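J.: sequence and predicted structure below; questions after.
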Amino acid sequence: MRNGVIAFRRDGTLALMNDEAYRIFALDRSPGDVGRPYVDVLRERAPVIRVLSGVFELDHLPNRAELRLKELDRVIGYTLSQVKNDEGTAIGAVMFFKDLTQVEQLEERERLRERLVSLGEMAAGIAHELKNPLAGIEVMAGLLRRQVPTEGDAQSLLADIISEAKLANAIVVEMLEFVRPVRLQVERTDVADVLQQSVTLAETKVPRRGVDLKVDLEAGLPAIEGDQHQLCQVFTNLLANAFEALDGKGHVTITGVTGTIEMDPAMSGADPPTPTVVIDVLDDGPGVPPDATDKIFDPFFTTKPQGSGLGLAIVRKIVDAHDGRIDLSSTPGKGTRFRVTLPVASASSWFK
Ligand SMILES: Nc1ncnc2c1ncn2[C@@H]1O[C@H](COP(=O)(O)OP(=O)(O)O)[C@@H](O)[C@H]1O
Ligand SMILES: [Mg+2]
């Protein structure tokens, strides 16, 4: 049974408590529980005792009520009823309940998603409006530069204006990339090609300098169904971060192997595992501090003075659109590994 059930007699002794109830309340079953007072068995769950203790006094018993178990960070939905004998006297009571925590979290995520959508639209609008004036500033500063004497402060000030405008423009472009809904142009994509292009692109974004780079792909790695251009962006961003983290010295290793993911058995029944390609981007840089690991995929989270904080947010968005996964493991002082797992054929393309 997916519901929790607790039944007890009029004298307060427990008549039944199922496994789901123990699970939801995070209690361990002991052999003598049935027959003991329920206040004893549930003594660590005071809010539940409070609800149960009213059952014989109340005229209207709660139906589909909610109870928050703060100490467990859990919400349950419950219905309470009396058990009556033939004469109509209450001889016991039952509580049916369900763990609503997941439902709540889903709703919360949905609300957040909606907020982000409208925020995203606004950001896209602003970014779009900023593009033209920024380009204007850059061009006009360039023109002015030709009119002022080649020596003197004016030249270097104008050079600064141009480079700042370029930086602002790069942020605007990244922002537009982030807020734009992902539309995949799926084609058979060779992973080695993607990685090679990504390396080239990353090097134009962040000079690699003394960083040693190794690419090690399993022989016979299958081509995947994906958007080549967007996958390039994923690995370009990961590599750019690795180069930035290493600051001119260290090692970056990219590995690619085949793998499989088991689908959630509840969702897919006995479907065979999905073949995947697993690509790791590894660096031996300073690592991600533990308190930042939850946040690095959030838009605008950055620890860099000139960072946009959008690189990994874009990565995640594109990986999600491919029904893939991205995992991070990092040891401060030792390095960081980003693992991208992509299905060889994406689930959404099966439906096409
Ligand atoms: N390879 C890495 N090593 C250490 N920290 C990293 C690495 N990749 C990402 N980070 C951390 O994650 C943050 C967010 O990255 P990202 O979303 O690409 O934004 P940005 O690069 O603009 O800061 C970075 O500011 C950095 O703190
Ligand atoms: Mg980045």
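T.: That came through, no problem. Numbers count the residues shown, from 1 in each chain. Ligands and ions are numbered 1, 2, ... in the order given.
J.: which element follows the helix or strand where R145 lies toward the C-terminus?
T.: Element membership for R145 (DSSP states H and E) is helix 101-147. Toward the C-terminal end, the helix or strand that comes next after helix 101-147 (DSSP H and E) is helix 153-179.
J.: could you give me the average pLDDT of the helix holding R145?
T.: What helix 101-147 shows for mean pLDDT is 84.
J.: same check, this time on stretch 152-167
T.: Stretch 152-167 shows a mean pLDDT of 91 in the predicted model.
J.: next one: it to chain centre, how far?
T.: In terms of Cα atoms, centre = their mean, to the nearest Å, the centre of stretch 152-167 is found 39 Å from the chain centre.
J.: kindly report the same for stretch 173-184.
T.: 17 Å.
J.: over to stretch 178-198?
T.: Distance, centroid of stretch 178-198 to centroid of chain: 20 Å (Cα atoms, centre = their mean).
J.: which parts of that stretch are buried?
T.: Within stretch 178-198, the residues scored as buried using 16 or more other Cβ atoms under 10 Å are F178, V179, L184, V186, T189, V191, V194, L195, Q197, S198. All C-beta atoms are positioned from the backbone trio N, CA, C, and that covers glycine.
J.: hmm, who's touching it?
T.: Residues from elsewhere that reach stretch 178-198 (Cβ atoms under 8 Å, 6 or more residues apart in numbering): 120-121, 123-124, 127, 215, 217, 221, 223-232, 234-236, 238-239, 254, 256, 277, 279, 299, 310, 313-314, 317-318, 320-322, 346, 349.
J.: stretch 336-346 too?
T.: 184, 186, 222, 224-226, 231, 234-235, 238, 242, 245, 259, 261, 274-283, 285, 287-288, 319, 322-330.
J.: need the buried ones from the residues you listed selected in PyMOL.
T.: Those of the contacts of stretch 336-346 that count as buried under 16+ other Cβ under 10 Å are selected in PyMOL with:
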select buried, resi 184+186+224+225+226+231+234+235+238+242+245+274+276+277+278+279+280+281+282+283+285+287+288+319+322+323+324+325+326+330
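J.: quick one: list the elements packing against the helix holding R145.
T.: Under the contact criterion of 3 or more Cβ pairs under 8 Å, 6 or more residues apart in numbering; DSSP states H and E, helix 101-147 touches strand 74-84, helix 153-179.
J.: ligand 1: which of those is closest?
T.: Smallest distance to ligand 1 across these (Cβ to the nearest ligand atom): 7.9 Å, for helix 153-179.
J.: can I get the CA coordinates of stretch 147-155 in PDB?
T.: Coordinates of each C-alpha in stretch 147-155 appear next as PDB, following Å, rounded to 0.1, in the frame of the first residue of the first chain:
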ATOM      1  CA  GLN A 147      40.700  61.300 -34.800                       C
ATOM      2  CA  VAL A 148      42.700  61.800 -31.700                       C
ATOM      3  CA  PRO A 149      46.600  62.000 -31.700                       C
ATOM      4  CA  THR A 150      48.200  58.600 -31.500                       C
ATOM      5  CA  GLU A 151      50.000  59.400 -28.300                       C
ATOM      6  CA  GLY A 152      48.400  60.500 -25.100                       C
ATOM      7  CA  ASP A 153      45.800  59.500 -22.600                       C
ATOM      8  CA  ALA A 154      42.900  59.700 -25.000                       C
ATOM      9  CA  GLN A 155      44.100  56.700 -27.000                       C
END
